[in-house]
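> sequence? don't have it. structure:
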C-alpha cells in the first residue's frame, strides 16, 4: 500500500468516528501525506456575543485539519498542544478553509502548522500544533 | 455601579448573543471582576475519532471563560491569541469546568489563564489567552 | 532531608556548572520548593540595535529561573519549550528579577510561569515553560 | 533603491548597535527580504549546569535572526512575543545556524518562524516570533 493510500485509509477510519467535526459541518480532504484540508461554513449557532465566529470553533477547524494531517502514518497520534493567532474575524456565512502542513516529525513528536483562510483568500488565523504518537496502530486487523 | 455589577452586566449582554456557547451547552458564571467560570458536559456530538472530546471544543470552553473574564470592564475586548496544553482526555459525559483568571491587564492588552478540570478535579487542560481592548463600550445607552 | 533542603542542594549542584548564567551576571535564589528567583542587571554587552536589552537575554533570565524551579526534586529536568511575551523594554542598567512558580507538575511534564519585573516593579515580560523530567537523579552519590 | 538593498541597509544599521549579538559571537546574513540567517558557535561560557547550551542563548540566536528578518522594511519593528520548542540539545563547540522566514506580515503585526540547525543539519529548535511595527523609520536622514 502506498503512503498516500495509508494516509487516506487512516483519514477514513478517523472520520467514521469523528462526530464533533461532522456536527460542525466540516469536510476533510487528504491530498498529500502529512497534510490535510478541513473546511467549514460559519453557521448561526457558531457566532458569539460579538456576532463573529467563536474563536473556539476556529480552533476546532484548525485542530481537525491538524489531527488528520498528523494521523497519516498508521500510528495513533494525539494533539499535545495548540496555539492560535486570531488575525481577522470570521462572519456568519463565511466559508473557511484550514490547510495543515507538517513542519517537523520526530520519533514521537510532530509539529504542524495550519492556516485558516476565508472565501476571499484572506488570512483568518494561524495555528500551530504539537502531536504525540504512541505505538498503537490506527488501522486494525 | 460597582465593578462587579458592571462585570455581571457585561456578561449578561455578551451571553445574550453568544449562540455558540449556548449551542455547546455551556453555562457561565461571574463571581469576581476579571474572572469567569464556564462549564460544559461532553456530549455525543463532541467526541472525535478517538472517542474523546474534540480538542477544539475543550479550547472553546476555555475561550468562553476567557472571553467573559476579559470583558468585565465595559470595553469591547477580543481574543488575539490562545494556547492550550492538553493534559488528559475528556470523555463522553465528563462534566468540565473552566476557570479563567487575569494574569496581567495593561491599557490595551490583557493576559489570562484558564484551567479546565473534570468532575473528579483532575486537570484536563491549561489555556492562556491574550486579549485586546478597543475604546468601544460594551454596554450601550 | 527536607524537600526544601533537596531543592537547595539541586540548585547548588546546577549552579556549579551553569557557566552561561554566571557569564550573564545572574544570581539565583531558592526560597520554596518548585520556585526560584533569578536576577540580572542589563549590561552594555546585553543591549541590541534599539538600545534595549536583547529579548534573548530576557528569555535567558526567565529560563534560568524556570530551570532552577523545575529541578527541585532531584530528578534531572530539562526545558521542552518556552514562550515569552515582551511587555516593556528593559534598559541599560535596569535591575531585573525573574520569579518562577510551578503551575502544574505531572509525572514527567511540568508547567511553570515566570514574571520578569524591573527595579520599579514594572512588568517587563511574562514567560511560560514546559519541562520534561527523566528518571536520572540530579544529586549523585 | 531595491527592496533587498533596503533590507541590507536596515541590517547594517541594526548590527552597528547590536552589542548583545556581537558579544555572543553571532554573524548575521541577509539574502532575501523578510529573511535572515544568524549563526553562532556554542562557547564555554554558554553552557548550563547540564553541559549543554543554555536554552536562553538558543532563543537569543533565533531572536536575532527574527529581528533582522522583520526589520527589512525600514520601519522600526520589535518583538512582541516568541515561542521556542527545544528538540535536541546543542553541545559545546556546536556550530548553530538559525534561519528566519516570514509567515505573514500585516500592517502592524508580523509572524516569523525560525529553525535552528547544528553543523550536521540536525534540527535543534523551532522558534516562532510575533513582531509589531511602528511608524518610525529605521534608516535616518
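On my side now, so go ahead. Worth saying up front: this structure is predicted, and the values here are computed from it rather than measured. Residues are numbered from 1 along each chain as shown, chains lettered A, B, ... in the order given.

> tell me the bridge partners for residue A:38.
Beta-bridge pairing of residue A:38, defined through DSSP bridges, involves residue A:28, residue A:98.

> surely it and residue A:25 touch.
No - counting by C-beta atoms under 8 Å, residue A:38 does not reach residue A:25; the two are 10.7 Å apart. Quick note: C-beta positions are derived from backbone N, CA and C, even for glycine.

> neighbour count winner among those two?
Neighbours per residue (other C-beta atoms under 10 Å in any protein chain shown) separate residue A:38 from residue A:25, with residue A:38 holding more: 27 against 13.

> and the closest residue to residue A:122 other than its chain neighbours, backbone torsions?
Counting by C-beta to C-beta, 6 or more residues apart in numbering or on different chains, residue A:122 lies nearest to residue A:88, which is 5.9 Å off, once chain neighbours are set aside. The phi and psi torsions at residue A:88 (degrees, to the nearest 10) take the values phi -160, psi 140.

> how far away is residue A:88 from residue C:83?
Going from residue A:88 to residue C:83 by C-beta to C-beta, to the nearest Å gives 23 Å.

> more crowded one of the two?
Relative neighbour count places residue C:83 above the other of residue A:88 and residue C:83, with 21 against 15, counting by other C-beta under 10 Å.

> which outside residues touch the host helix or strand of that one?
Residue C:83 belongs to strand C:77-86 when assigned by DSSP states H and E. Taking C-beta atoms under 8 Å, 6 or more residues apart in numbering or on different chains as the criterion, the residues outside strand C:77-86 that touch it are B:83, B:111, B:128, B:130, C:55, C:58-59, C:62-63, C:66-67, C:70-71, C:109-110, C:124-134, C:138, D:50, D:55, D:59, D:78-86, D:89.

> just the pLDDT at the one residue sitting closest to the centre of chain A, thanks.
Among the residues of chain A, the smallest C-alpha distance to the mean C-alpha position (C-alpha atoms, centre = their mean) belongs to residue A:65, namely 1.4 Å. Looking at residue A:65, its pLDDT reads 98.

> the helix or strand containing it to strand B:77-86, inter-axis angle?
Following DSSP H and E, one finds residue A:65 within helix A:55-70. With axes from the mean of the first three to the mean of the last three C-alpha atoms, to 10 degrees as the criterion, the two stretches helix A:55-70 and strand B:77-86 enclose an angle of 40 degrees.

> hmm, helix A:55-70 touching chain B?
Yes - under the criterion of C-beta under 8 Å from any C-beta of the partner chain, chain B is reached by helix A:55-70 at A:55-57, A:59-64, A:67.

> can you pull out the strands in chain A?
Listed in chain order, the strands of chain A (DSSP state E) span A:27-29, A:36-41, A:77-86, A:95-105, A:109-117, A:123-133.

> buried sites along the last one?
Applying a neighbour-count criterion of 16 or more other C-beta atoms under 10 Å in any protein chain shown, the buried positions in strand A:123-133 are A:123-131, A:133.

> now the first one
By neighbour count with 16+ other C-beta under 10 Å, strand A:27-29 contains the buried residues residue A:28.

> avg pLDDT for it?
98.

> cool, and stretch A:36-47?
Averaging pLDDT along stretch A:36-47 yields 98.

> I'd assumed residue A:117 was in contact with residue A:58.
No - with the criterion set as C-beta under 8 Å, residue A:58 and residue A:117 do not qualify as a contacting pair; they are 11.6 Å apart.

> now for the two: what residues contact both?
The overlap between the contact sets of residue A:58 and residue A:117 (C-beta under 8 Å, 6+ apart) consists of A:96, A:124.

> who's more crowded, the two?
residue A:58 (30 against 19).

> residue contacts, the residue lying closest to the more buried one once chain neighbours are set aside?
Setting aside the residues directly before and after it, residue A:58 is nearest to residue A:125 in space (C-beta to C-beta, 6+ apart), at 5.3 Å. Contacts for residue A:125 (C-beta under 8 Å, 6+ apart) come out as A:58, A:62, A:84-88, A:115-116.

> same thing but at 7 Å, please
With contacts defined as C-beta atoms under 7 Å, 6 or more residues apart in numbering or on different chains, the neighbours of residue A:125 are A:58, A:62, A:84-87, A:116.

> which parts of chain A sit against chain D?
A:85, A:87, A:103-104, A:106, A:111, A:123, A:126, A:128 (C-beta under 7 Å from any C-beta of the partner chain).

> and chain A, which residues reach chain B?
Looking at chain B, the residues of chain A close enough under C-beta under 7 Å from any C-beta are A:14-15, A:17-21, A:23, A:44-51, A:54-57, A:59-60, A:63-64, A:67, A:78-86.

> quick one, which of those residues are buried?
By the neighbour-count criterion of 16+ other C-beta under 10 Å, the residues of chain A next to chain B include these buried positions: A:14-15, A:18-21, A:23, A:46-50, A:54-57, A:59-60, A:63-64, A:67, A:78-86.

> so how far is residue D:115 from the closest residue to residue A:103 other than its chain neighbours?
In space, residue A:103 comes closest to residue A:111 once its chain neighbours are excluded; the distance is 4.3 Å by C-beta to C-beta, 6+ apart. Using C-beta to C-beta, one obtains 10 Å as the distance from residue A:111 to residue D:115.

> what's the overlap in contacts for the two?
residue D:126.

> quick one: strands adjacent to the strand holding residue C:83?
In the sheet containing strand C:77-86, the strands it pairs with under DSSP bridges are strand C:123-133 (antiparallel), strand D:77-86 (antiparallel).

> including mean pLDDT and distance to residue B:93, could those strands go into CSV?
Supplementary listing: these in CSV, determined by pLDDT from 0 to 100; distance: least, C-beta to C-beta, whole Å:
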stretch, mean pLDDT, distance to residue B:93
strand C:123-133, 98, 29
strand D:77-86, 98, 34
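
> closest one to residue A:7 among those strands?
With C-beta to C-beta as the measure, strand D:77-86 is the member of the strands paired with strand C:77-86 nearest residue A:7 (24.2 Å).

> hmm, who's touching stretch A:98-113?
The list of residues contacting stretch A:98-113 from outside it, by C-beta under 7 Å, 6+ apart, reads A:34-38, A:61-62, A:65-66, A:69-70, A:77, A:114-116, A:127-133, D:85, D:87, D:123, D:126.

> so which bits of it are buried?
If you call a residue buried by 16+ other C-beta under 10 Å, then stretch A:98-113 has these buried ones: A:98-100, A:102-103, A:105, A:109-113.

> tell me which of these is nearest to chain B?
Proximity of the buried residues of stretch A:98-113 to chain B, judged by C-beta to the nearest C-beta, is greatest for residue A:98, which lies at 10.6 Å.

> returning to what we had before: check contacts around the residue nearest to the centre of chain A.
Going by C-beta under 7 Å, 6+ apart, residue A:65 touches A:36-38, A:98-100, A:114.
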